[in-house]
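In: Prediction below, plus the sequence it came from.
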Amino acid sequence: MFNEKEKLKEIINLGLEVAQVKDIDLLLEHILTRARRFVNADAGSIYIIEDDKLKFKYTQNDTLQKRLPSGKKLIYSTFSVPINNKSIAGYVALTGETLNMPDAYTLPEGVPYSFDKSYDRISKYRTQSMLTLPLKNNRGDIIGVLQLINAKSKDNRIIPFLKEDEPLIMHLANNAAIAIERAQMTRTIILRMIKMAELRDPQETGAHVNRVGSFAVEIYDAWATKRGIPQEQIDKNKDVLRMAAILHDVGKVAISDTILKKPGKLDNEEYEVMKHHTYLGARLFNESKSDFDEAAYIVALNHHERWDSNGYPGYINVMTGKTIPGYETADGRAKGKKGEEIPPFGRVVALADVYDALSSRRSYKDRWDEVKILETIEKERGKHFDPEMVDVFFNILDVIRSIAERYPDE
């Protein structure tokens, strides 16, 4: 619990912190964590307006989290609710009012909205106090809703949210809305680049790259935590990794249509040309101006390297595509990078990309059965893939499956 001075400092710090986060998913996690901490809330959710509906985007719940084994995350499904006065979140999105309810089960008589108790029944959780606020940008437009659940006293009792905290938490929500809108713009620009690539390569869809980016972040998070990397560094890396992973195949825009759009498998000569997309993509980010540029360069260049050194493009000059002197194999090719010579971002996207490729239908193949996919990944442990990353992949398989459901192919 914060005193008044600490509350003001927390609001200022959050405004500075969210300005540094570029990735929309990590930003939502950060905002919800800090908002809950500000009012000592046990749980909370964020909804974002998309296509004239309120889409459930992110949730946290300390009580439910404590029921899970160590290292496991809450699994949630995304859904949409109408922006109308029937639900609490819908009403706040429609009217822009803040609702502070001591008990969601005993709403005042005559209100148009109601509380859906079904989630509580399923999860065996009891929602009591609830503070629901609109997320407004600097133009006053409502872009989403922040919902905080079950404020707790110092002795861990559920109490109502304090009325005097509302102006401060509203200021926090407004700062958050501006940061969310900026992060959405960044994600939109990146996905437009993917749409450009999709015009050339029909397999390079928004759903595919969103899945690969999300898989990569979750695998990296679990791997880095297991390795004892500081949380601040993990969060910083996750912020750029997702966007870099989304652009892993951007170099394909420079590959001929006859190869990209060939309906069947490529022959050996065509496959050799296709390999060029790695360093061609890396060229786009060669003059690094930011952590994102560096991450995107690493991912584009290294996501087809293999742990056993049999990947590509290996040790080459990105600008010429030629082998770096001293790194030639016996047949004159570039020697492949091996093991930890491959940067972690390259290793994690390699695993995420292959899993999604095997899980998806392609012009030359049907979607593989999950049992076969998992057997293949286990078989390639220590061959294609970093063994430690394969281990954490299997440990978070429930999260991986939930991501696949969140971004289905259209």
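Out: That came through, no problem.
In: now the helix or strand L168 falls within: how far from the chain's centre is it?
Out: Per DSSP states H and E: L168 is located in helix 166-200. In terms of Cα atoms, centre = their mean, to the nearest Å, the centre of helix 166-200 is set 13 Å apart from its chain centre.
In: which of the residues in stretch 115-125 are buried?
Out: Residues 115, 125 are the ones in stretch 115-125 that count as buried (16 or more other Cβ atoms under 10 Å). Glycine gets a C-beta too; all of them are placed from N, C-alpha and C.
In: for stretch 259-268, that is, sorry about that
Out: For stretch 259-268, the neighbour count (16+ other Cβ under 10 Å) marks 259-260 as buried.
In: average pLDDT across it?
Out: For stretch 259-268, mean pLDDT rounds to 84.
In: how distant is it from the center of its chain?
Out: Per Cα atoms, centre = their mean, the centroid offset for stretch 259-268 relative to its chain is 31 Å.
In: Next, the distance between the ends of it.
Out: With Cα to Cα, to the nearest Å as the measure, stretch 259-268 spans 11 Å from end to end.
In: With stretch 251-259 instead?
Out: Length of stretch 251-259, first residue to last, Cα to Cα: 13 Å.
In: I'd like the distance from it to the chain centre, please.
Out: How far stretch 251-259 lies from its chain's middle: 28 Å, per Cα atoms, centre = their mean.
In: in that stretch, what's buried?
Out: Using 16+ other Cβ under 10 Å as the test for burial, stretch 251-259 gives 251-253, 255, 259.
In: Same check on stretch 173-187?
Out: Neighbour counts over stretch 173-187 (16+ other Cβ under 10 Å) mark 173-183, 187 as buried.
In: Kindly export it (C-alpha atoms) in CSV.
Out: Extracted in CSV, the C-alpha atoms of stretch 173-187 (Å, rounded to 0.1, in the frame of the first residue of the first chain):
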residue,chain,number,x,y,z
ALA,A,173,-5.2,5.0,-17.2
ASN,A,174,-5.0,8.0,-19.5
ASN,A,175,-1.2,7.8,-19.7
ALA,A,176,-1.6,4.1,-20.4
ALA,A,177,-4.1,4.8,-23.2
ILE,A,178,-1.6,7.1,-25.0
ALA,A,179,1.1,4.5,-24.7
ILE,A,180,-1.2,1.7,-26.0
GLU,A,181,-2.2,3.8,-29.0
ARG,A,182,1.5,4.5,-29.8
ALA,A,183,2.3,0.8,-29.5
GLN,A,184,-0.7,-0.2,-31.6
MET,A,185,0.7,2.1,-34.3
THR,A,186,4.1,0.4,-34.2
ARG,A,187,2.5,-3.0,-34.5
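In: S309: how many residues sit nearby?
Out: The tally of other residues near S309 (other Cβ atoms under 10 Å) stands at 15.
In: repeat for the one 4 residues further on
Out: When counting by other Cβ under 10 Å, one arrives at 23 neighbours for P313.
In: what do you get for the one 4 residues further on?
Out: N317 is surrounded by 12 other residues when neighbours are defined as other Cβ under 10 Å.
In: Do a quick rundown of the strands in the stretch 101-250 of the chain.
Out: Ranges of strands in the stretch 101-250 of the chain, per DSSP state E, counting those that start in this stretch, are 130-136, 142-152, 158-159.
In: Next one: E370 relative to E380, how far apart?
Out: Per Cβ to Cβ, to the nearest Å, E370 is found 16 Å from E380.
In: Who has more neighbours out of those two?
Out: E380 (18 against 13).
In: show me what contacts the more buried one?
Out: By Cβ atoms under 8 Å, 6 or more residues apart in numbering, the contact set of E380 is 354, 390.
In: And it, how far from S402?
Out: 23 Å.
In: what's the answer for Q20, then?
Out: Distance from Q20 to S402, by Cβ to Cβ: 28 Å.
In: out of these two, which sits in the busier spot?
Out: Neighbour totals were compared for Q20 and S402, and S402 leads with 18 against 11 (other Cβ under 10 Å).
In: Helix, strand, or coil at the nearest residue in space to the more buried one that is not next to it in sequence?
Out: With sequence-adjacent residues excluded and distances taken as Cβ to Cβ, 6 or more residues apart in numbering, S402 is closest to I75, at 4.8 Å. Classification of I75 by DSSP: H, G, I helix; E, B strand; the rest coil places it in coil.
In: Quick check: beta-bridge partners of L146?
Out: L146 forms beta bridges with I46, L133, as assigned by DSSP bridges.
In: got the contact list for it?
Out: Contacts of L146 (Cβ under 8 Å, 6+ apart): 31-32, 35, 44-46, 132-135, 173, 176.
In: CA-only coordinates of stretch 21-37, as CSV, when you get a sec.
Out: Taking C-alpha atoms only, stretch 21-37 is exported to CSV below (Å, rounded to 0.1, in the frame of the first residue of the first chain):
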residue,chain,number,x,y,z
VAL,A,21,7.9,-0.1,-24.0
LYS,A,22,7.3,-0.6,-27.8
ASP,A,23,5.5,-4.0,-28.0
ILE,A,24,1.8,-3.8,-27.4
ASP,A,25,1.5,-7.2,-25.7
LEU,A,26,4.3,-6.5,-23.2
LEU,A,27,2.9,-3.0,-22.6
LEU,A,28,-0.5,-4.3,-21.6
GLU,A,29,1.1,-6.7,-19.2
HIS,A,30,3.2,-3.9,-17.7
ILE,A,31,0.3,-1.5,-17.4
LEU,A,32,-1.9,-4.1,-15.7
THR,A,33,0.8,-5.1,-13.3
ARG,A,34,1.5,-1.5,-12.2
ALA,A,35,-2.2,-0.5,-12.0
ARG,A,36,-2.9,-3.5,-9.8
ARG,A,37,0.1,-2.7,-7.6
